[in-house]
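# sequence unavailable; structure follows:
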């Protein structure tokens, strides 16, 4: 009997048992996850669950278990285990304890992504999909900047130029794409592919222009120079770096005077700080300073293993009694990743968090596009986590998991044969 004459059920069964089919399916689901990340939290959650399910049939159990000994895998697993164990000494209700474990659960996808993209040939598809999705988003942002009624945000939302989600998430995406494109642009210029270099340069500038003239988060303003500096140090000669630095200073001055939006955003730093110091008023910067002050106090009360998973809200409730202004705020997130971890799990948690960051930085210490993207994702996360809890935040946390996971797999494949056999997918 020929394959064409085989019953449909038999063909489906063979397809079901075909590792290459599962590899292809996992690649497609990862691409869909990357495409949906700038647009939808619900789709990301759904694709995340589906991705785990379709990856499982492709795993070589012995090789995968051996790979878990890598520091890049051990650290994120350890952070999840610590969060789970921290429920045992927390005073929060059990619902809040397990709710606070959930943000660390996505870190468990990292070992699976390392393993899968060490064998897959479609890792760059994921990054291309994310870039393309953000390119469409930047067009949508410009449109709603001039036609606010087209936004999908709820009525009364005052962030001009935000089509979906919020300006912080949008700025994270645009900043990452704008700086990540520096590597392929430099590569194309060296290879004399001027047309493609100009195209990618225009795309990078479109992200930067949107942040300059439409809407940008203060966190992005702080981290973009750091990410550009990382690129210059790693990939450019000193003379070239100095020339680009001078050009950036000139361009920055021009944009500063041409963009009232950018000038207003920067001006709020000083004004909000002064208002908080003078009256304790509830400003964005004042709130953060208050959260940091209280969190340091909470950490001092339980410095070794912290107050337990989900304890932050209860501690802020107690500290808000009889207070007014920013001091009366009650939050579950102190807007600093280190303090978020320190309050819940003490020094032990901070050690695990920084061990994870260091392990992932070390993973991307080589040359090539995958190393650059992975390094940039980690660097961005570390510095934005000074002002937010971006490992635990949904959007930025998934950016970290997908970026580090896919890039880590590509880097491992480039360095040597995968621990699991290559599947021709």
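Arrived safely, thanks for sending. Please read these numbers as outputs of a predicted model, since none were measured by experiment.

# contacts and neighbour counts: CA atoms only from here.
Noted.

# span of stretch 185-194 from start to end?
End-to-end distance for stretch 185-194: 9 Å, by C-alpha to C-alpha, to the nearest Å.

# how distant is it from the center of its chain?
28 Å (C-alpha atoms, centre = their mean, to the nearest Å).

# stretch 357-369 too?
Per C-alpha atoms, centre = their mean, the centroid offset for stretch 357-369 relative to its chain is 16 Å.

# now swap in stretch 161-172 and tell me
Centre-to-centre, stretch 161-172 and its host chain are 14 Å apart (C-alpha atoms, centre = their mean).

# can you start the count at 562 instead of 1 from here on
Sure, I'll start counting at 562 from here, so that last one is stretch 722-733.

# need the contact partners of it.
Stretch 722-733 is contacted by residues 599-601, 698, 701-707, 709, 711-714, 720, 772, 775-778, 780-781, 956-957 when judged by C-alpha atoms under 8 Å, 6 or more residues apart in numbering.

# in strands only, show me these.
Among the contacts of stretch 722-733, no member falls in strands (DSSP state E).

# confidence score at residue 620?
According to the prediction, residue 620 has pLDDT 89.

# ok, residue 964 to residue 911 distance?
Taking C-alpha to C-alpha, one finds residue 964 at 22 Å from residue 911.

# an error on my part: the question was meant for residue 654.
From residue 654 to residue 911 the distance is 24 Å (C-alpha to C-alpha).

# quick one: which of the two has more around it?
When neighbours are counted by other C-alpha atoms under 10 Å, residue 654 and residue 911 differ, and residue 911 comes out ahead with 22 against 12.

# quick one: what helix or strand has that one in it?
Assessed by DSSP states H and E, residue 911 sits inside helix 898-924.

# so which bits of that helix are buried?
898-914, 916-922, 924 (16 or more other C-alpha atoms under 10 Å).

# quick one, the helix or strand following it and helix 898-924 angle?
Once the chain leaves helix 898-924, the next helix or strand it forms, by DSSP H and E, is helix 930-945. Between helix 930-945 and helix 898-924, the angle comes out at 160 degrees (axes from the mean of the first three to the mean of the last three C-alpha atoms, to 10 degrees).

# tell me which other helices or strands helix 930-945 touches.
Identification of packing neighbours for helix 930-945 by 3 or more C-alpha pairs under 8 Å, 6 or more residues apart in numbering; DSSP states H and E yields helix 728-741, helix 743-751, helix 779-796, helix 898-924, helix 955-976.

# how about these in TSV, adding mean pLDDT?
Formatted as TSV, the helices and strands packed on helix 930-945 follow (pLDDT from 0 to 100):
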stretch	mean pLDDT
helix 728-741	91
helix 743-751	87
helix 779-796	76
helix 898-924	95
helix 955-976	93
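
# how is the chain divided into domains?
Annotated domains of the chain cover 632-680+842-986, 699-840 [automatic domain parsing].

# the bottom helix or strand of the protein by mean pLDDT?
The helix or strand of the chain with the poorest confidence is helix 569-577; it has a mean of 54 (mean pLDDT, DSSP states H and E).

# show me what the helix or strand just after that one is packed against.
Per DSSP H and E, the first helix or strand lying C-terminal to helix 569-577 is helix 580-597. On a contact count with 3+ C-alpha pairs under 8 Å, 6+ apart, helix 580-597 meets helix 602-616, helix 684-707.

# can you give me the buried ones in the shortest one?
Taking 16+ other C-alpha under 10 Å as the basis for neighbour counts, the residues of helix 602-616 that come out buried are 602, 605-606, 608-609, 611-613, 615-616.

# just the residues you listed now: which is nearest residue 625?
Nearest to residue 625 among the buried residues of helix 602-616: residue 616, at 11.7 Å, using C-alpha to C-alpha.

# in this structure that closest one contacts residue 582, no?
No. Contact status for residue 616 versus residue 582: not in contact, 10.7 Å apart, counting by C-alpha atoms under 8 Å.

# which intervals of this protein have sub-threshold pLDDT?
For the chain, residues meeting the criterion pLDDT under 70 lie at 562-578, 716-720, 795-845, 847, 884-889, 978-986.

# again, only using 80
By pLDDT under 80, the weakly predicted segments of the chain are 562-580, 714-721, 777-779, 782-783, 789-849, 881-893, 976-986.

# how about stretch 868-882: buried residues?
868-877, 880-881.

# measure it end to end?
19 Å.

# list of residues touching it?
644-645, 647-653, 657-662, 855, 859, 888-894, 901, 904-907.

# list the contacts of residue 583.
577, 615-616, 618-619.

# greatest separation within these: which pair is it?
Between all members of the contacts of residue 583, the farthest pair (by C-alpha to C-alpha) comes out as 577 and 616, at 12.9 Å.

# buried among the contacts of stretch 868-882? Make that a ChimeraX selection.
Entered in ChimeraX, the line below selects the buried ones among those, by 16+ other C-alpha under 10 Å:
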select :644,645,647,648,651,652,653,657,658,659,661,662,855,859,888,889,890,891,893,894,901,904,905,906,907
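
# inside helices: which ones of the contacts of stretch 868-882?
Among the contacts of stretch 868-882, the residues falling in helices (DSSP state H) are 644-645, 657-662, 855, 859, 901, 904-907.

# gap between the closest residue to residue 944 other than its chain neighbours and residue 942?
With sequence-adjacent residues excluded and distances taken as C-alpha to C-alpha, 6 or more residues apart in numbering, residue 944 is closest to residue 784, at 6.4 Å. Residue 784 sits 9 Å away from residue 942, going by C-alpha to C-alpha.

# those two - which one has more neighbours?
Legend: neighbour count by other C-alpha under 10 Å for residue 784 and residue 942, higher for residue 942 (23 against 20).

# quick check: that one touching residue 961?
Yes. The criterion here is C-alpha under 8 Å, and residue 942 meets it with residue 961 at 7.1 Å.

# common neighbours of these two, please.
Joint contacts of residue 942 and residue 961 (C-alpha under 8 Å, 6+ apart) are residue 952.

# in JSON lines: the helices and strands packed on helix 580-597, plus distance to residue 938.
What follows is the helices and strands packed on helix 580-597, written out as JSON lines (distance: least, C-alpha to C-alpha, whole Å):
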{"stretch": "helix 602-616", "distance to residue 938": "18"}
{"stretch": "helix 684-707", "distance to residue 938": "12"}
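
# what's stretch 891-902 in contact with?
849, 852-853, 856-857, 860, 871, 873-874, 877-878, 881, 910-911, 914, 946-953.
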